[in-house]
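**Student:** Whatever this is, show me its structure:
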Amino acid sequence: MSRTPNYEFQEWWNKQREKNNLELLEENPDHHHSSVAFTAVDVDGGGGTGNSVEKERSRSARQLSWVCLLKFQQLAASLGWLSNGFFHLVRTANRRIADSASLRGDTSRLYRAIRVFLFLVIALLGFELVAYFKGWHFSPPDPSEVVGMVGVAYAKWLEIRASYLSPPLQSLANLCTVLFIVQSVDRVVLILGCFWIKFRRIKPVANVDYDGSGMSVEDFPMVLVQIPMCNEREVYQQSIGAVCIMDWPKERILIQVLDDSDEVDTQQLIKAEVHKWQQRGVPIIYRHRLIRTGYKAGNLKSAMGCDYVKDYEFVAIFDADFQPTPDFLKKTVPYFKGKDDLALVQARWAFVNKDENLLTRLQNINLSFHFEVEQQVNGVFLNFFGFNGTAGVWRIKALEESGGWLERTTVEDMDIAVRAHLRGWKFIFLNDVKCLCELPETYEAYKKQQHRWHSGPMQLFRLCFFDILRSKVSWAKKLNLIFLFFLLRKLILPFYSFTLFCIILPLTMFLPEAELPVWVVCYIPGLMSVLSVLPAPRSFPFIVPYLLFENTMSVTKFNAMISGLFRFGSSYEWVVTKKLGRSSETDLVSLEKESEPFVRSTSLYRSSSDSGIEDLSKLELSKKTGKTKRNRLFRKELALAFILLTASIRSLLSAQGIHFYFLLFQGITFLVVGLDLIGEQVS
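**Tutor:** Residues are numbered from 1 along each chain as shown. This is a model prediction of the structure:
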């Protein structure tokens, strides 16, 4: 779009030219024609070619004043914009600091240690800058040239650094490097196993097909379906609806909605939804515990204690944000036929919001590797993997013989899986059977989820270590459980990733006698990132963000691992992962369409009850009047961001190349995460 002409300026310009031409005519009448030609050419916008024309293009004092005034106005506007932006940034930071004051973990031992480390590296950087500008940076000062206490102190610092500090740091770096290599070898072996499975087309085979004709209702086993939930206001409707339309004989199924909600309005909404499906002839019941202990494990344990459970052979479990397909049971239950030692059939998760934002894309990379590589390989070659807590079908007999659900950890799913494995039960993972669910879209929700997922395994490892040693399984299975399942993937991985890239690498910038090779900092992490993205090939453009973000999450995983291993209070906290109900916006329409034939076939059909409609309207009103979400401030991540950025400045002084770029971009990533600028953006 062309710019609007400034006629006012052009009119002023013409007047100035006319005034200048009159002055020239008075001084030299012979140049009248050339002056008129110059004026015509200049005002009309045409080009002149003579040197005499160029020489007469001189600005008057008034024109220069106008140009200076224009520049000053632009400068004032820029300064005003910068000042407004600065004050807005300060207000936002103050608000986030105030909002984040209530966050647990900011006063933890780890945060205090990180803060002390931050003050240390800032002091070291100041010391190094003084030495750098005095010319002592790359070599100790000559004793004969040392003047003042600063030179003496720097010479003594170099001696202490080389003799006492760098050797233990180098030893710790070597240890973490060895652990890094071992974990990388484990990942490569898993990838090779996955390639072998695909090359040989290995997959579990079912001995029966429930889609076949000529089968009577009695041929279908009795299945109990459980939906544990707690204050799941956003997702309860589609999860209950998806389970209620599953293709399985009504006489051979019972659905339990296990509601642990402590919000009265949420309880009423879930009751109304259950009542609606009961009126349609669906065998579904609502259960609510008066004494809510043990979180999800306590909820499941209470439900399995009902007298009618003994009539059922299998139990399928779905968390509140999971939506199984109508043929889910027909794709999973057949694998139990003829396999009396099979305890669990686990389906893969599929994510309805994996492309919602950068955070969900990075989670999709991680979980795709977990399911397609880790669980598939362990299921094929070891007949064992950790139960995911949902989207799986258990043989009730296996649950009972393994001790049932226990409330001793926050990872009850992994607990029951380990105990069943120690009793000789086998597991099957179905990579081609998927169950839709939702990923956390905010960093706060994802961080709380990861804290529980990494503190719980350490609780469990401490509790079942001697049980593993005393079990009757082979020593190969014992070594797999202790070394690979627990130590390498649950303890060593968060330990070395946090220690190596967030502590040791910055310290080597200030203690250059200890060093990390380039292949440890760049090449091996890059190769591991490529391997991790292979199960999700569409995510290849996010390799670098994935690598940086995984290192950023190491502080949360390390903190969770330590709290679980040493029984800190935060290890027993269970915070329900916040869901936004993304799947409900599109899938409820298809859900209603799929349920129409089923609804017409029952004589007990009614429309939604009046109480249900009333409660739903209350829910919509409560959503509109809810509190406004705000970004948070995560102090551990911010402190580590400043540590890494400070180390990058020190690396820049030494011109260390790849170390500088890694520290710079890793520090920026920590800063972005610490300011809550990743994931769902809220005001």
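
**Student:** any low-confidence regions in the protein?
**Tutor:** 1-13, 16-63, 86, 88-107, 137-147, 212-213, 570-572, 574-576, 578-631, 680-683 (pLDDT under 70).

**Student:** buried ones in the strand ranked longest in it?
**Tutor:** Across the chain, the longest stretch assigned as strand under DSSP state E is strand 426-437. For strand 426-437, a neighbour-count test (16 or more other CB atoms under 10 Å) marks 426-431, 433-437 as buried. Yep, even glycine has a C-beta here, placed from its N, CA and C like the rest.

**Student:** What is the most widely separated pair among those residues?
**Tutor:** Farthest pair in those (CB to CB) is 426 and 436. Separation: 26.8 Å.

**Student:** that older thread, for residue 270, state which of the buried residues of strand 426-437 is nearest.
**Tutor:** Closest to residue 270, out of all of those and judged by CB to CB, is residue 437, at 18.6 Å.

**Student:** who touches the residue nearest to the closest one when sequence neighbours are not counted in this structure?
**Tutor:** In space, and not counting its chain neighbours, residue 437 is closest to residue 322: 4.7 Å by CB to CB, 6 or more residues apart in numbering. By CB atoms under 8 Å, 6 or more residues apart in numbering, the residues touching residue 322 are 239, 242, 349, 390-391, 435-437.

**Student:** quick one: the strands in the protein?
**Tutor:** So, for the chain - with DSSP E - the strands run 223-229, 253-259, 284-288, 314-317, 342-351, 392-395, 426-437.

**Student:** any chance of the ones you listed in JSON lines, plus distance to residue 464?
**Tutor:** Supplementary listing: those in JSON lines, determined by distance: least, CB to CB, whole Å:
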{"stretch": "strand 223-229", "distance to residue 464": "23"}
{"stretch": "strand 253-259", "distance to residue 464": "26"}
{"stretch": "strand 284-288", "distance to residue 464": "29"}
{"stretch": "strand 314-317", "distance to residue 464": "21"}
{"stretch": "strand 342-351", "distance to residue 464": "17"}
{"stretch": "strand 392-395", "distance to residue 464": "19"}
{"stretch": "strand 426-437", "distance to residue 464": "17"}
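
**Student:** As CSV, the buried residues of strand 426-437 with distance to residue 209 would be great.
**Tutor:** Below are those laid out as CSV (distance: CB to CB, whole Å):
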residue, distance to residue 209
426, 21
427, 22
428, 16
429, 20
430, 15
431, 19
433, 14
434, 19
435, 20
436, 24
437, 27
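
**Student:** want to throw the contacts of residue 322 into TSV with distance to residue 506?
**Tutor:** Shown next, in TSV, are the contacts of residue 322 (distance: CB to CB, whole Å):
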residue	distance to residue 506
239	45
242	48
349	36
390	39
391	41
435	42
436	42
437	38
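
**Student:** Out of the residues you listed, which is nearest to residue 568?
**Tutor:** residue 390 (27.0 Å).

**Student:** so the closest one sits right up against residue 319, yeah?
**Tutor:** Yes: contact criterion CB atoms under 8 Å: residue 390 and residue 319 qualify, at 4.1 Å.

**Student:** and of the buried residues of strand 426-437, the nearest to residue 261?
**Tutor:** For those, the nearest to residue 261 is residue 437 (19.4 Å; CB to CB).

**Student:** Go ahead and confirm that closest one touches residue 352.
**Tutor:** Yes: under the criterion of CB under 8 Å, residue 437 makes contact with residue 352 at 7.1 Å.

**Student:** Helices of the stretch 301-450 of the chain, residue ranges please.
**Tutor:** In the stretch 301-450 of the chain, the segments counted as helices under DSSP state H, counting those that start in this stretch are 328-332, 358-369, 376-381, 396-401, 412-422, 443-470.

**Student:** hey, which of those is tucked in deepest?
**Tutor:** helix 412-422 (a mean of 24; mean count of other CB atoms under 10 Å).

**Student:** That one: how far from the chain's middle?
**Tutor:** 26 Å (CA atoms, centre = their mean, to the nearest Å).

**Student:** what comes up buried for stretch 268-285?
**Tutor:** For stretch 268-285, by 16+ other CB under 10 Å, it's 268-282, 284.

**Student:** Oh, that last question was meant for stretch 316-330, not what I typed.
**Tutor:** 316-326, 328-330.

**Student:** again, but for stretch 302-315
**Tutor:** So stretch 302-315, judged by 16+ other CB under 10 Å, has buried residues 302-304, 309, 312, 314-315.

**Student:** measure that stretch end to end?
**Tutor:** Length of stretch 302-315, first residue to last, CA to CA, to the nearest Å: 14 Å.

**Student:** dump the residue contacts of residue 405.
**Tutor:** 297-298, 300-301, 304, 399, 412, 416.

**Student:** These into TSV, with extra columns for distance to residue 494?
**Tutor:** Below are the contacts of residue 405 laid out as TSV (distance: CB to CB, whole Å):
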residue	distance to residue 494
297	24
298	28
300	28
301	30
304	33
399	30
412	21
416	24
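
**Student:** Which of those sits closest to residue 658?
**Tutor:** residue 412 (44.1 Å).

**Student:** coming back round to it: quick one, which of the strands of the chain is nearest to residue 78?
**Tutor:** Among the strands of the chain, strand 342-351 sits nearest to residue 78 (CB to CB), with 44.5 Å.

**Student:** Just the C-alphas of that closest one, formatted as PDB.
**Tutor:** Written as PDB, here are the backbone C-alpha positions of strand 342-351 (Å, rounded to 0.1, in the frame of the first residue of the first chain):
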ATOM      1  CA  LEU A 342      -0.900 -63.100  30.900                       C
ATOM      2  CA  ALA A 343      -1.800 -60.400  33.500                       C
ATOM      3  CA  LEU A 344      -1.900 -57.100  31.500                       C
ATOM      4  CA  VAL A 345      -2.600 -55.900  28.000                       C
ATOM      5  CA  GLN A 346      -1.500 -52.300  27.600                       C
ATOM      6  CA  ALA A 347      -2.600 -50.000  24.800                       C
ATOM      7  CA  ARG A 348      -0.700 -47.000  23.500                       C
ATOM      8  CA  TRP A 349      -1.600 -43.400  24.200                       C
ATOM      9  CA  ALA A 350      -2.500 -41.000  21.400                       C
ATOM     10  CA  PHE A 351      -2.700 -37.300  22.000                       C
END
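
**Student:** Can you tell me the strand partners of that strand and which way each runs?
**Tutor:** strand 392-395 (antiparallel), strand 426-437 (parallel) (DSSP bridges).

**Student:** how about the helices in the stretch 501-650 of the chain?
**Tutor:** Going by DSSP H, counting those that start in this stretch, the stretch 501-650 of the chain shows helices at 505-510, 518, 524-533, 543-565, 584-601, 610-624, 635-654.

**Student:** Against which helices or strands is the fourth one packed?
**Tutor:** For helix 543-565, the elements it packs on are helix 109-133, helix 358-369, helix 443-470, helix 493-498, helix 524-533, helix 635-654, helix 658-674, judged by 3 or more CB pairs under 8 Å, 6 or more residues apart in numbering; DSSP states H and E.

**Student:** Would you indicate which residues of it are buried?
**Tutor:** Buried residues in helix 543-565 (16+ other CB under 10 Å): 545-565.

**Student:** okay, the angle between it and helix 443-470?
**Tutor:** 60 degrees (axes from the mean of the first three to the mean of the last three CA atoms, to 10 degrees).

**Student:** Any idea how far helix 543-565 is from the middle of the chain?
**Tutor:** 10 Å.

**Student:** Use 11 as the first number for this chain going forward.
**Tutor:** Got it, first residue is 11 now, which makes that one helix 553-575.

**Student:** which residue sits closest to residue 473, ignoring its sequence neighbours?
**Tutor:** Distances taken as CB to CB, 6+ apart place residue 418 nearest to residue 473, at 6.1 Å, with adjacent residues excluded.

**Student:** for the one you found, what are its contacts?
**Tutor:** Residue 418 touches 425, 469, 473, counting by CB under 8 Å, 6+ apart.

**Student:** Specify which member of the contacts of residue 332 is nearest to residue 97.
**Tutor:** Checking these one by one against residue 97 (CB to CB), the nearest turns out to be residue 447, at 42.6 Å.

**Student:** Right, I'll leave it there.
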